[in-house]
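Participant: give me the fold of what follows.
(one chain, ligands or ions: 2)
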Amino acid sequence: MKIAILGGDGFCGWPTALHLSDQGHEVHIIDNLSRRWIDTELGVQSLTPMDSIQERCRIWKQETGKVIGFHLLDLAKEYERLRQWLAEEAPDAIVHFAEQRAAPYSMKSDRHKVYTVNNNVNATHNLLTAMVETGIDAHLVHLGTMGVYGYSSVGAPIPEGYLDVEIDTPTGKKGQEILYPTRPGSVYHMTKSLDQILFQFYAQNDGLRITDLHQGIVWGTHTDQTRRHPQLINRFDYDGDYGTVLNRFLIQAAIGYPLTVHGTGGQTRAFIHLQDTVRCVELALSDAPAAGARVKIFNQMTETHRVRDLAEMVAKMTGAEIAFLPNPRKEAAENDLIVKNDNFLALGLNPITLEEGLLDEVVEVARKFAHRIDRKRVPAVSAWTKDIAGRVETDPEGKRLKSVS
Ligand code: NAD
Ligand code: USQ
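Facilitator: Ligands and ions are numbered 1, 2, ... in the order given. Purely as a prediction, here's the structure:
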């Protein structure tokens, strides 16, 4: 297939591009490199030294003989160029990773909220309307998030996207299938909830074939392809805005920084290893919905864990200390989470679960590149409200360690 990977310079997009190219697909990356600019804005850098996207593609060709095209294009702002590109290239499939994906970044200030909404909603809508206008028959696979559901399950497992409800009518109860009610916990997660409505409309109105992958928190760093050459190494975010919880705990352990647990660490979240992310995208591509069918929604996660259990596991493995910090986010202090992921299991996913070997691998990568870490960028200081901002701990390493336990 000819596959466009939107956001293919990012943490999930790059290994997916390599994986699909390795399988013999013709891969084109579209990216505006905004993530690299955000690193500059925040004064941080990937833990791992990333080459330019052009250089990464050159090394891939040198190693494998396979070509990955790169196209510098802003999906949110360059509608005409996007439409023209789609009309000329007519990809068979489009994998859409290209959004501002950090919840803390989306909550930093009003400007960051505006940017995140404009970027994410416009990127998705521009893509959908350009697909209709050009008449290409591509299968769109979008990377959504488990966070659209919110995290407190009512005791029943969260289904894959849809919920059967009964509505009281004057003539009795009537059944209806609805999108599972959204309950986003940040402006970023809110944009993913809005994306869902855009997909529902364009599938119903124009028969677009769309799969939305509600992905959990991705951990790990390498995949089979990124291991092939040092210059194919993946991005690795550790800072307080873009670093995600398990990867952060692993780098914190590697540099002797206390593990930064927010609140009591009672938050339960869904997780997936990066290697399974790329495999799930492959599986989703092989199982496109028919034109006119409802949006296919998969829960792309393999296991759930409580944040403090992860911290305890990493502490036991590495000897790291745990710091319980005031939570900069507005979120439930404790929640349970039960999630269905039957669709991917039925397609043959054999989940990689947390195991010491893979955790060790990340700690090793972190130790190797520890000299690139700016410890001042480790604390998560983006607060969800002005009130919370006054309580944020900006120096978890300092002597004033606050404990809420
Ligand atoms: P990332 O920030 O590393 O990559 C996103 C890429 O998209 C970047 O290279 C960025 O430059 C590009 N981009 C953003 N806006 C763009 C635009 N307007 N035009 C063109 N390119 C643009 O993020 P990631 O971790 O690789 O996540 C990819 C997708 O997966 C996101 O949509 C995210 O919501 C979703 N996701 C990620 C995780 C995770 O833990 N990383 C978990 C669940 C879902
Ligand atoms: N947390 C800590 N300590 C830290 C960092 C985070 O306790 O140092 C806690 C947070 O308070 C939160 C949980 O860990 O309760 C998860 O935080 P996270 O930053 O790992 O994940 P999140 O903000 O939800 O976002 C990430 C990705 C996002 C994706 C989402 C999937 O950045 O793109 O959509 O995971 S999910 O969480 O399933 O919605």
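Participant: quick one, what contacts Glu177?
Facilitator: Contacts of Glu177 were listed using Cβ atoms under 8 Å, 6 or more residues apart in numbering, and they are 162-165. Where C-beta positions appear, they are placed from N, C-alpha and C, glycine not excepted.
Participant: try 10 Å this time
Facilitator: If you count contacts by Cβ atoms under 10 Å, 6 or more residues apart in numbering, Glu177 has them with 161-165, 294.
Participant: would you mark the buried spots in the helix or strand containing it?
Facilitator: Here Glu177, judged by DSSP states H and E, is contained in strand 172-179. Buried residues in strand 172-179, counted by 16 or more other Cβ atoms under 10 Å: Leu179.
Participant: kindly report the same for stretch 332-348.
Facilitator: 337, 339, 341, 343-344.
Participant: mean confidence for that stretch?
Facilitator: Taken as a whole, stretch 332-348 has a mean pLDDT of 95.
Participant: do stretch 302-315 as well
Facilitator: On average, stretch 302-315 scores 96.
Participant: report the buried residues of that stretch.
Facilitator: Those would be 302-308, 310-311, 313-315, for stretch 302-315 by 16+ other Cβ under 10 Å.
Participant: what's the local residue count around Thr353?
Facilitator: 12 (other Cβ atoms under 10 Å).
Participant: I meant to write Val392 there.
Facilitator: Val392: 17 neighbours (other Cβ under 10 Å).
Participant: ok, now which ones touch it?
Facilitator: Contacts of Val392 (Cβ under 10 Å, 6+ apart): 240, 325-328, 379-384.
Participant: one more time with 7 Å
Facilitator: Neighbouring residues of Val392 by Cβ atoms under 7 Å, 6 or more residues apart in numbering: 326, 328, 381, 383.
Participant: swap in Leu127?
Facilitator: So Leu127 contacts 75, 82, 96 (Cβ under 7 Å, 6+ apart).
Participant: so Leu143 sits right up against Leu213, yeah?
Facilitator: Yes: Leu143 lies in contact with Leu213 (Cβ atoms under 7 Å); the separation is 5.5 Å.
Participant: if we can go back for a sec, strand partners (parallel or antiparallel) of the strand holding Glu177?
Facilitator: strand 162-169 (antiparallel) (DSSP bridges).
Participant: up against ligand 2, what does this structure have?
Facilitator: Within the chain, the positions lying close to ligand 2 (Cβ under 6 Å from any ligand atom) are 101-103, 145-147, 216-217, 244-245, 248, 260-262, 265, 267, 269-270, 307, 327, 329, 331, 380.
Participant: buried subset of those residues?
Facilitator: 101-103, 145-147, 216-217, 244-245, 248, 260-262, 265, 267, 269-270, 307, 327, 329, 331, 380.
Participant: shouldn't Asp212 be within a strand?
Facilitator: Yes: counting by DSSP: H, G, I helix; E, B strand; the rest coil, Asp212 is located in a strand.
Participant: report how many residues lie close to it.
Facilitator: With other Cβ under 10 Å as criterion, Asp212 counts 28.
Participant: let me see the contact set for it.
Facilitator: Asp212 neighbours (Cβ under 7 Å, 6+ apart): 142, 144, 161, 196, 199, 295, 297.
Participant: pLDDT score for it?
Facilitator: 98.
Participant: any idea what it is bridged to?
Facilitator: His142, Ile297.
Participant: strands of the stretch 1-150 of the chain, start to end?
Facilitator: Counting by DSSP state E, counting those that start in this stretch, the stretch 1-150 of the chain has strands at residues 2-6, 26-31, 68-72, 93-96, 139-145.
Participant: counting by contacts, list what the last one packs against.
Facilitator: Helices and strands in packing contact with strand 139-145 are listed as strand 93-96, helix 187-206, strand 209-215, helix 274-285; criterion 3 or more Cβ pairs under 7 Å, 6 or more residues apart in numbering; DSSP states H and E.
Participant: for the second one, name the packing helices and strands.
Facilitator: Okay, so that is helix 187-206. For helix 187-206, the packing partners by 3+ Cβ pairs under 7 Å, 6+ apart are helix 103-106, helix 110-134, strand 139-145, strand 209-215.
Participant: give me the below-cutoff pLDDT ranges for this structure.
Facilitator: In the predicted model, the chain carries pLDDT under 70 at residues 153, 399-405.
Participant: of all of it, which residue lies closest to ligand 1?
Facilitator: Gly10 (1.9 Å; Cβ to the nearest ligand atom).
Participant: residues touching that residue, list them.
Facilitator: Contacts of Gly10 by Cβ under 7 Å, 6+ apart are 35, 97, 235.
Participant: again with Val154
Facilitator: No contacts exist for Val154 under Cβ under 7 Å, 6+ apart.
Participant: so which residues of the stretch 201-350 of the chain form strands?
Facilitator: Counting by DSSP E, counting those that start in this stretch, the strands of the stretch 201-350 of the chain are 209-215, 217-219, 259-262, 268-273, 296-300, 303-306, 322-325.
Participant: list the contacts of the fifth one.
Facilitator: Taking contacts as Cβ under 7 Å, 6+ apart, the residues outside strand 296-300 that touch it are 146, 158, 160-162, 211-216, 272, 280, 284, 289, 339-341, 343-344.
Participant: just to revisit the earlier point, from Arg101, how far off is the residue of the chain closest to ligand 1?
Facilitator: Separation of Gly10 from Arg101 (Cβ to Cβ, to the nearest Å): 8 Å.
Participant: again with Thr211
Facilitator: 18 Å.
Participant: contacting residues for Ala87?
Facilitator: By Cβ under 7 Å, 6+ apart, the neighbours of Ala87 are Thr134.
Participant: Ile373 now?
Facilitator: 47, 238, 251, 255.
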